[in-house]
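Undergrad: What follows is a predicted protein model with its sequence.
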Amino acid sequence: MTPGEPLTPLAPVNGTIIAAAVGMTKSIRYALLSATLAFGVAGCGKHNPKVISITADNHGFTPANVQVKKGDKVTLRFTRTSDQTCAKKVVFPGLGITKPLPLNQSVDIPLPTTKAGTVAFVCGMGMLKGSVVVD
C-alpha cells in the first residue's frame, strides 16, 4: 500500500465500515472480516447499551411508552424539538433523576433495568407523562 492509495470498503459491521487497500489478498480480507465479525458479535447484548430515542415537543413525549428487557443496558436519549412545551426537563420521580432538556440537544439517561416493573417519567410540571416497562 502506498500513501494516497484509495481504500475499498469491505463490509459494514455494527455500524462501522471496514476498509482495506485495493491490492489486499482475499485471505487477508477474509481474516480481517472474520475477526471483526467475531468481535462485533461478542460486543453485542448486555455490554452495549440499547439507545431509545424519545422526542419532547408540544404533543408530549414520543414514544410515551417503551418496553425493555430486564438486565439489558438501556439508555434513553431525550431530544426537545420545540420551545412550545412544558417538557423543558424530564423527571423520573421513582429514581430521583431530573435532567434539563435543552432545545435541539440530545440528553442521554442510563436506565437501571435490574428489576422488572414500570419506571415513570414526566415533564417538569408533571403534565406530560411517559413510562418504561421493564420485563
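TA: The structure has been received and is ready for your questions. Numbering: from 1, shown residues only.
Undergrad: Break the chain down into its domains, please.
TA: In the assignment given by automatic domain parsing, the structural domains of the chain cover 7-43, 50-134.
Undergrad: lowest-confidence stretch among these?
TA: Of all the domains of the chain, the segment with the smallest mean pLDDT is domain 7-43, scoring a mean of 42.
Undergrad: looking at the sheet around the closest residue to Ile97 other than its chain neighbours, what are its partners?
TA: Closest residue in space to Ile97, ignoring its immediate chain neighbours: Ile109 at 6.5 Å, by Cβ to Cβ, 6 or more residues apart in numbering. (Each C-beta comes from the backbone N, C-alpha and C, glycine too.) Using DSSP bridges, the beta-bridge partners of Ile109 come out as Leu76.
Undergrad: quick one: contacts for Ile109?
TA: The neighbourhood of Ile109, defined by Cβ atoms under 8 Å, 6 or more residues apart in numbering, consists of Thr75, Leu76, Arg77, Phe78, Val90, Phe92, Ile97, Lys99.
Undergrad: any chance of the residues you listed in a markdown table, with neighbour count and distance to Gln105 too?
TA: Conversion of the contacts of Ile109 to a markdown table gives the following (neighbours: other Cβ atoms under 10 Å; distance: Cβ to Cβ, whole Å):
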| residue | neighbour count | distance to Gln105 |
| --- | --- | --- |
| Thr75 | 13 | 15 |
| Leu76 | 25 | 14 |
| Arg77 | 14 | 11 |
| Phe78 | 23 | 9 |
| Val90 | 24 | 13 |
| Phe92 | 19 | 19 |
| Ile97 | 15 | 17 |
| Lys99 | 16 | 11 |
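Undergrad: which phi and psi does Val107 have?
TA: Backbone geometry at Val107, expressed as degrees, to the nearest 10, gives phi -130, psi 120.
Undergrad: the helices in this protein, which residues?
TA: Counting by DSSP state H, one finds helices in the chain at the ranges 26-42.
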